[in-house]
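Peer 1: sequence first, predicted model second:
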Amino acid sequence: MTIQSTFISNPVKTIIVNQTASTSVSGVGDNNVAGGACYLISATIANTNFGGVTYTKLSNLASYTAGTNTADYVLRTPANGTRTYVFHPPVYFSNGLSFATTTTAGQAGTTAPGTPPAVTLILSTSAT
């Protein structure tokens with residue numbers, strides 16, 4: 001699992017987070033990917049190599065564990081599919097944005113998909 005956060009210096013302070021294999025190993029995912037408070041503009045989940053539905057759980061926490069902490073958003077991606085979610089207006093994560101992907105909907109699921117999806121988030125540290 002490789003995560004890369006790219007901070008772009010422009011008027012809206014864009015951050016592109018590209019996680020090539022989002023998973024939940026014992027419920028633990030990717031924590032505080034923006035390094036602090038941020039606005040979520042869009043999320044693209046590419047579940048193209050897994051034959052089951054996945055659920056990417058986003059949390060307004062600096063550190064998140066699926067099955068232990070409550071997810072603020074659960075994004076469903078179909079088997080062998082890709083979904084892009086656009087948030088307008090952007091969603092504010094005051095404590096940081098953390099996420100994990102599981103094969104189970106709801107708060108209790110912690111099972112990682114056999115082949116994790118790629119997750120790309122477009123974030124901003126500014127509302128304007």
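Peer 2: On my side now, so go ahead. Residues are numbered from 1 along each chain as shown.
Peer 1: all the strands of the chain, residue numbers only.
Peer 2: Under the criterion DSSP state E, the chain carries strands at the ranges 3-7, 14-19, 38-47, 54-59, 73-77, 81-93, 98-102, 118-124.
Peer 1: and the spatially most central residue of the chain, how close does it get to residue 112?
Peer 2: Within the chain, the residue whose C-alpha comes closest to the C-alpha centroid is residue 99; the distance, by Cα atoms, centre = their mean, is 4.3 Å. Counting by Cβ to Cβ, to the nearest Å, the separation of residue 99 from residue 112 is 13 Å. From N, CA and C alone the C-beta is placed, and that goes for glycine too.
Peer 1: what does residue 125 give?
Peer 2: 29 Å.
Peer 1: repeat that for residue 61.
Peer 2: For residue 61, the distance to residue 112 equals 19 Å [Cβ to Cβ].
Peer 1: out of those two, which sits in the busier spot?
Peer 2: Taking residue 61 and residue 112 together and counting by other Cβ atoms under 10 Å, residue 112 has the greater number of neighbours (23 against 19).
Peer 1: so that one is in contact with residue 103, correct?
Peer 2: Yes. With contacts counted by Cβ atoms under 8 Å, residue 112 reaches residue 103, the gap being 7.2 Å.
Peer 1: run through the chain and note the low-pLDDT ranges.
Peer 2: Residues of the chain meeting the criterion pLDDT under 70: 1-12, 22-28, 127-128.
Peer 1: wait, residue 85 touches residue 58, no?
Peer 2: No. The criterion here is Cβ under 8 Å, and residue 85 misses it with residue 58 at 9.7 Å.
Peer 1: overlap in contacts of these two?
Peer 2: 43, 75 (Cβ atoms under 8 Å, 6 or more residues apart in numbering).
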